[in-house]
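1. I would like to see how this sequence folds:
(one chain, ligands or ions: 1)
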Amino acid sequence: MTTTVIPTEVAIVGAGPSGLLLAHLLAARGVASVVVEARSEEYVGSRIRAGILEHSTVDLLRRAGLGDRIAEVGDEHRGIYLQWPGERHHIDFQEHVGRSVWVYGQTEVQKDLVAAAHARGQEIHYEAADVAVHDVTSDRPAVTFTGADGTSYRLEARVLVGCDGSFGPSRAAVPDDVRQTWERVYPYSWLGVLADVAPSTDELIYAWHPDGFAMHSMRSASVSRLYLQVPNGTDVDTWSDDRIWDALATRLGHGENGWSLEPGPITEKSVLPMRSFVQTPMRHGNLFLAGDAAHIVPPTGAKGLNLAVADVGVLAPALAELVRGGDSRLADAYSDTALRRVWRCTHFSWWMTTMLHTAGDPFDAQLQLSQLRWVASSAAGAAGLAENYAGLDIGS
Ligand SMILES: Cc1cc2nc3c(=O)[nH]c(=O)nc-3n(C[C@H](O)[C@H](O)[C@H](O)COP(=O)(O)OP(=O)(O)OC[C@H]3O[C@@H](n4cnc5c(N)ncnc54)[C@H](O)[C@@H]3O)c2cc1C
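-> I've put the predicted structure just below:
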């Protein structure tokens with residue numbers, strides 16, 4: 001079979017938020033890229049995942065010309081509620097750190113990125129099979145794949161960027177004697193549901209309960225996103241809609257202090273296992289890793305998508321300097337710079353997760369309640385949560 005060779009400056013594996021945003025930021029700096037994606041554009045665009053954008057993410061997207069719809073349909077929140085049986089407390093991020101967050105689904109971010117990619121004529125190969133990366137320590141690394149039409153392609157670039165999530169080939173292209181990994185698997189999962197009902201709260205509720213954690217989030221004025229802590233290995237079919245609404249009502253405190261939870265038709269349910277994972281370094285030769293390809297966080301701290309954005313926010317100017325200006329200093333510093341934020345967010349996500357999920361140990365439960373009371377009653381405690389949740393400056 002003949003192979004079509006495509007020369008470019010940056011080859012990007014993965015057209016999720018990190019891959020498409022990187023291509024966008026590179027194009028703004030005049031750097032050409034080609035993206036290769038295993039799935040279809042529709043499939044990638046419809047995956048229900050993250051829903052909270054940090055202050056710094058919104059800032060970056062606005063500066064990149066991607067902020068119009070966030071302003072139009074996004075919902076700015078000044079904080080979150082923390083609660084445990086009988087008590088609900090508002091943690092006001094604006095008051096503590098002068099920053100807010102935005103409710104704006106990953107599907108919307110993806111929509112904006114796809115529209116911008118179409119508008120500038122970005123080359124993206126969807127539904128690529130047998131994607132493999134080659135010669136990553138050479139000056140001409142390559143990505144090979146079979147296109148949707150059966151054609152064999154070889155992308156030859158100055159650098160490769162693995163934006164291919166946890167299951168793509170890029171992470172594994174770093175040799176075992178170079179890479180180091182850290183992992184924590186949590187003894188519980190989230191059952192997440194989307195429901196066609198107006199949210200029963202103006203801002204997110206994070207609830208500690210002896211039966212397990214629950215969270216009330218939202219996607220819009222008419223769509224609620226709700227989560228329940230469930231044991232690992234839970235079969236989603238064992239959770240009927242009634243059972244879900246009953247558990248949510250109990251754990252979120254329906255009927256307490258005049259608050260009520262409005263149930264509605266559930267349109268999507270899935271079980272999400274929880275883990276923390278980091279692979280270092282985030283660069284090997286001319287292969288760079290960004291987003292979930294390098295790190296995974298449990299969703300309790302709302303950091304996964306934001307970290308992916310922060311990585312490429314640091315990487316795009318570094319690659320532009322490397323490819324266009326021949327200056328490697330920012331690219332050489334990329335892994336260390338990105339990992340400072342990765343570990344901060346890994347810690348914050350672990351902290352939120354272990355503070356709010358119950359694992360059956362009565363001693364741990366008392367420590368969790370003590371920690372929650374401290375965060376809710378101390379300005380220093382609340383400011384720490386607010387600063388981490390609303391997000392630090394990208395590159396700091
Ligand atoms: C089920 C789920 C729920 C989540 N919920 C939340 C949440 O509530 N809050 C939060 O902050 N974060 C959440 N996250 C995390 C967040 O969605 C991710 O951190 C974010 O998508 C990372 O973006 P990314 O572009 O790095 O990776 P991804 O979005 O995973 O994109 C990687 C892309 O690479 C493609 N790919 C994979 N293999 C190949 C291959 N061989 N060749 C070519 N392309 C390939 C994939 O198809 C995908 O499109 C969730 C993640 C999952 C999986």
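2. And the residue of the stretch 201-350 of the chain at minimum distance from the ligand, what's its pLDDT?
-> For the stretch 201-350 of the chain, the residue closest to the ligand is G291, as judged by CB to the nearest ligand atom, at 2.1 Å. No exception for glycine: its C-beta is placed from N, CA and C like everyone else's. What the model reports as pLDDT for G291 is 98.
3. For the helix or strand harbouring L26, which helices and strands make contact with it?
-> Assigned by DSSP states H and E, L26 falls within helix 17-28. Contacts defined by 3 or more CB pairs under 8 Å, 6 or more residues apart in numbering; DSSP states H and E place helix 17-28 against strand 10-13, strand 33-36, helix 106-120, helix 304-320.
4. for these, which one sits closest to A71?
-> With CB to CB as the measure, helix 106-120 is the member of the helices and strands packed on helix 17-28 nearest A71 (11.6 Å).
5. Any buried residues in that closest one, and which?
-> By 16 or more other CB atoms under 10 Å, the buried positions in helix 106-120 come out as Q106, T107, E108, V109, Q110, D112, L113, V114, A116, A117.
6. So which elements touch that helix?
-> Packing partners of helix 106-120 (3+ CB pairs under 8 Å, 6+ apart): helix 17-28, helix 41-46, helix 68-73.
7. can you list those in CSV and add mean pLDDT, mean neighbour count and distance to the ligand?
-> As requested, the helices and strands packed on helix 106-120 are exported to CSV (pLDDT from 0 to 100; neighbours: other CB atoms under 10 Å; distance: least, CB to the nearest ligand atom, whole Å):
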stretch, mean pLDDT, mean neighbour count, distance to the ligand
helix 17-28, 98, 26, 3
helix 41-46, 95, 14, 4
helix 68-73, 95, 13, 16
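8. any idea which helix or strand carries M215?
-> Using DSSP H and E, the element containing M215 is strand 214-218.
9. quick check: mean pLDDT across that strand?
-> When pLDDT is averaged over strand 214-218, the result is 96.
10. For that strand, give me every contacting residue.
-> The contact list for strand 214-218, computed with CB atoms under 8 Å, 6 or more residues apart in numbering, reads 51-52, 75, 103, 199-201, 204-207, 224-229, 247-248, 251-252, 261.
11. tally of neighbours for R88?
-> Using other CB atoms under 10 Å, R88 has 17 neighbouring residues.
12. Contacts for the helix or strand where it lies, please.
-> R88 is located in strand 87-92, with elements delineated by DSSP H and E. The contact list for strand 87-92 (CB under 8 Å, 6+ apart) reads 78-83, 203, 205, 253, 256-257, 259, 375-377, 382, 385-386.
13. Which PyMOL command selects the buried ones in these?
-> With 16+ other CB under 10 Å as the burial test, the buried ones among the contacts of strand 87-92 are selected in PyMOL as follows:
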select buried, resi 78+79+80+81+82+83+203+205+253+375+376+382+385+386
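14. Sort out for me which of the contacts of strand 87-92 are in helices.
-> Under the assignment DSSP state H, those contribute V375, A376, S377, A382, L385, A386 to helices.
15. okay, the fourth one: pLDDT?
-> What that stands for is A382. We have a pLDDT of 98 for A382.
16. mind listing what it touches?
-> A382 sits next to I91, D92, H96, V375, A376 when contact means CB under 8 Å, 6+ apart.
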